[in-house]
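[1] Return atomic coordinates for the entry below.
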Amino acid sequence: MNLTGRNVELRPASSADVDARLSLGNHADIIEMFGVSRSDVRPLTREGAGQWLQKLIGNPTAWVIDVHGRLVGEIRLDNLDPHDRRATMAVGIFDPQLLGKGLGSESIRLVLEHAFTHLRLHRIGTRVLAYNTRAIRVYEKCGFVQEGREREAAFVNDTWHDDVMMGLLETEYQGPK
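    Have a look, this model is predicted:
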């Protein structure tokens, strides 16, 4: 199912996306925000892009973030629990030139609308490394609240870092803006 906003279209991944993902590569500044040490960042290979694609294709609540017909990132609802009506969210913009343009916020809002209205979820949670202040601001802008902190949960760049636990309940969700 496609989710369409003003500047982004969220669409299911397809086999044609391998080359587009490969062309975006792995930028250390971005990959580090996902919890990978700079010394461990490697160039993206065709095999790596294929594995990324298969993970998205295998998830019915995962979308490619498309801007003007160009793949720029991904957004997913993971760990979907129909009984407890909850899921976790992850989002990533892979092109450093497109960070700070509101594409992540718009993508999150589209998925929240889908999650709370169509999937009838009660709660969406996420974990963000404490040093990823850009992501924390984006999630807060979309209504998420900080619920806690998992101390020294990730070892990145030879240092321990906290994970910030964030969540949004259906009763707090404000709807499309």
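[2] What pLDDT does the model give the residue located most distally from the centre of the chain?
    Distance from the centre of the chain peaks at D158, with 24.6 Å (CA atoms, centre = their mean). We have a pLDDT of 97 for D158.
[3] Can you tell me the closest non-neighbouring residue to it?
    Closest residue to D158 apart from its sequence neighbours, by CB to CB, 6 or more residues apart in numbering: S37 at 7.2 Å. C-beta here means a position set from N, CA and C on the backbone, and glycine is covered the same way.
[4] Apart from its neighbours in sequence, what residue is nearest the spatially most central residue of the chain?
    Computing the C-alpha centroid of the chain and ranking residues by CA atoms, centre = their mean puts V91 first, at 0.8 Å. The shortest distance from V91 to any non-neighbouring residue, by CB to CB, 6+ apart, is to I75 (4.3 Å).
[5] cool, Y139 as well?
    In space, Y139 is closest to M166, 5.2 Å off (CB to CB, 6+ apart).
[6] What is the helix or strand hosting the one you found packed up against?
    M166 belongs to strand 159-169 when assigned by DSSP states H and E. Other helices and strands packing on strand 159-169, by 3 or more CB pairs under 8 Å, 6 or more residues apart in numbering; DSSP states H and E, are strand 123-129, helix 133-141, strand 145-156.
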